[in-house]
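Participant: below is the sequence, then the predicted model.
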Amino acid sequence: MIAANLYIVLYLEILILCFVIAAILHNKASHDLGSEGEVRAFRWILRLYMVMMVLDSIAQMQFQRVIRPPVIIAEFASGAYMALLSLLAVFWFIFAELQIAPSMTRNTRFRILFALPGVAMAFMSFASIRTGWFFHYDDTETFRRGSLFFVQLVVAYFYFVFTTVHAYLVAKKEQSFARRQRLKRISLFIIAPTIGALLQLVIGGYPFVGPSIIIAVLIIFIRVQADMIQSDSLTGLNNRKSMEQYLEEILPGISEENPLYFFMIDADRFKKINDTYGHLEGDRALKLIAEALRMTANRTSGFIARLGGDEFVAINDTEHIQSPEAFEEMLLTDLAAVKTKAALPYDLSVSIGHCFCDGSVRLTADLLSAADKQMYLVKQEKHAAQRR
């Protein structure tokens, strides 16, 4: 009897801890996590999870005969738990796919189509109270799995598997270091819940699924917060630290057969824009340059970052751009399109310097120095032309 009491106390303590962690994450969730849609989906994951922990507590106390509610209450708790698990999987799918393929996931038809299997499982979970599809309670009021019990698990698991595979495939082609790291984390989300589900099925009687889910969610949340350290808060681009990590990753593989171009981009007359139109307009100008860089990087599969102030960098392999001049032409074209759309009261232009790296340069500082010197020459030529 004492052992049974200790067991239920420990079980409930674990579920309460999971509930508290979920509540804290829900309270802390902000737009640092991503778009408004991503934040909403993330919060719904946590809301559903917290209700699941309450239902799991009721079911466990009923199973251990701590409480003796009418069997219909236990059946409702079990049906609701399974339904919420299916819906949680759907919201995880939406949260993950908004990061993997945002344009497609924002399509209402796409979301409805992929949500239908999960919603159907949620309906069948409640219907199982009468049909016994997923579960039933025997004459001793003990929970028993139904003939279709594993169908519900397979459908829920499909959402996790799909996002894992999709994130992994997109990450392999992704050139942005920060985005690639984030996609890899999404692809690894499935590990903890899988281990928890297997332990629950094999051992049973212990709370494995709940803790494993919140551990996976907590890891995602912590890593997103860590990403803030590697992202520029104003433009959303990679920052200097992220650039240095990226170069540390790729420079060992650079050679004469696999070279790269390193570009330094600097806003022209930026101080004059700040002095004349104010710092808010100066910030806007930097965001517009960042937008143009994103457009170019999407076409060239390049890495882009803001070093600080009005300085940016772009890194491209020679496979995606024919020459430095081709990159510069694309960037200036994209910047012109951005400027036209913004209807600026001043001319926004940039100077671009570059260096060619074939493996002879191994230090980030040397790349920056070489590109900076070339950019300085470009600025001098511009100033000389203006004085003529």
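Facilitator: Good, I have the coordinates. Numbers count the residues shown, from 1 in each chain.

Participant: now the helices: where do they sit in this structure?
Facilitator: Ranges of helices in the chain, per DSSP state H, are 2-28, 36-63, 71-100, 102-105, 108-131, 149-173, 177-188, 191-202, 209-230, 240-250, 270-277, 279-300, 324-342, 364-387.

Participant: what packs against the second one?
Facilitator: I take that to be helix 36-63. helix 2-28, helix 71-100, helix 209-230 (3 or more Cβ pairs under 8 Å, 6 or more residues apart in numbering; DSSP states H and E). All C-beta atoms are positioned from the backbone trio N, CA, C, and that covers glycine.

Participant: just flag whichever of the helices of the chain has the lowest average confidence.
Facilitator: Here the helices of the chain differ in mean pLDDT, and the lowest is helix 102-105 at a mean of 74.

Participant: which parts of that helix are buried?
Facilitator: T105 (16 or more other Cβ atoms under 10 Å).

Participant: just how off-centre is that helix within its chain?
Facilitator: Relative to its chain's centre, helix 102-105 lies at 13 Å (Cα atoms, centre = their mean, to the nearest Å).

Participant: by contact count, what packs against it?
Facilitator: Partner elements for helix 102-105 (3+ Cβ pairs under 8 Å, 6+ apart): helix 71-100.

Participant: what comes up buried for the helix it packs on?
Facilitator: 74-100.

Participant: just send the helices and strands packed on helix 36-63 back as CSV, with distance to K379 too.
Facilitator: Output for the helices and strands packed on helix 36-63, formatted as CSV (distance: least, Cβ to Cβ, whole Å):
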stretch, distance to K379
helix 2-28, 44
helix 71-100, 38
helix 209-230, 29
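
Participant: of the ones you listed, which is nearest L344?
Facilitator: helix 209-230 (29.3 Å; Cβ to Cβ).

Participant: can you tell me what sits against that closest one?
Facilitator: 14-15, 18, 21-22, 25, 28-29, 32-34, 45-46, 49, 52-53, 56, 88, 178, 181-182, 185-186, 189-193, 195-197, 200, 238-239, 241-242, 245 (Cβ atoms under 8 Å, 6 or more residues apart in numbering).

Participant: out of those residues, which are buried?
Facilitator: 14-15, 18, 21-22, 25, 29, 33-34, 45-46, 49, 52-53, 56, 88, 178, 181-182, 185-186, 189-190, 192-193, 196-197, 200, 238-239, 242.

Participant: residue contacts, the closest residue to Q200 other than its chain neighbours?
Facilitator: Spatial nearest neighbour of Q200, chain neighbours left out: F208 (4.4 Å); criterion: Cβ to Cβ, 6 or more residues apart in numbering. Neighbouring residues of F208 by Cβ under 8 Å, 6+ apart: 195-197, 199-200.

Participant: just curious, which of the residues you listed is nearest to F160?
Facilitator: The closest of those, once distances to F160 are taken by Cβ to Cβ, is A197, at 9.7 Å.

Participant: the closest one contacts Q152, correct?
Facilitator: No - A197 lies out of contact with Q152 (Cβ atoms under 8 Å); the separation is 12.0 Å.

Participant: dump the contacts of F208 into JSON lines; add distance to A285 as well.
Facilitator: Listed next are those as JSON lines, based on distance: Cβ to Cβ, whole Å:
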{"residue": "I195", "distance to A285": "50"}
{"residue": "G196", "distance to A285": "49"}
{"residue": "A197", "distance to A285": "51"}
{"residue": "L199", "distance to A285": "55"}
{"residue": "Q200", "distance to A285": "55"}
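
Participant: quick check: the farthest pair among the residues you listed?
Facilitator: Longest span within the contacts of F208, Cβ to Cβ: I195 and Q200, 9.7 Å.

Participant: which among the helices and strands packed on helix 36-63 is found nearest to T142?
Facilitator: helix 71-100 (9.7 Å).

Participant: quick one, that closest one and helix 209-230 angle?
Facilitator: 20 degrees (axes from the mean of the first three to the mean of the last three Cα atoms, to 10 degrees).

Participant: packing partners for helix 71-100?
Facilitator: Counting by 3+ Cβ pairs under 8 Å, 6+ apart, helix 71-100 packs on helix 36-63, helix 102-105, helix 108-131, strand 135-137, helix 149-173, helix 177-188.

Participant: nearest to E319, out of the ones you listed?
Facilitator: Across these, E319 has its closest neighbour in helix 149-173 (12.8 Å, Cβ to Cβ).

Participant: so what touches that closest one?
Facilitator: Residues contacting helix 149-173 (Cβ under 8 Å, 6+ apart): 82, 85-86, 88-90, 92-93, 96-97, 99-101, 114, 117-118, 120-121, 124-125, 134-135, 180, 183-184, 186-190, 193-194, 197.

Participant: list the buried residues for that helix?
Facilitator: So helix 149-173, judged by 16+ other Cβ under 10 Å, has buried residues 149, 152-153, 155-160, 162-164, 166-167, 170-171.

Participant: from those residues, pick the one nearest M375.
Facilitator: So of those, ranked by how close each gets to M375 (Cβ to Cβ), first place is A171, at 32.0 Å.

Participant: how many residues are close by the closest residue to the closest one other than its chain neighbours?
Facilitator: Sequence neighbours aside, L183 is the residue nearest to A171 in space, at 3.7 Å (criterion: Cβ to Cβ, 6+ apart). The tally of other residues near L183 (other Cβ atoms under 10 Å) stands at 23.

Participant: wait, doesn't L183 sit right on A96?
Facilitator: No - look at L183 against A96 with Cβ under 8 Å: they stay out of range, at 9.3 Å.
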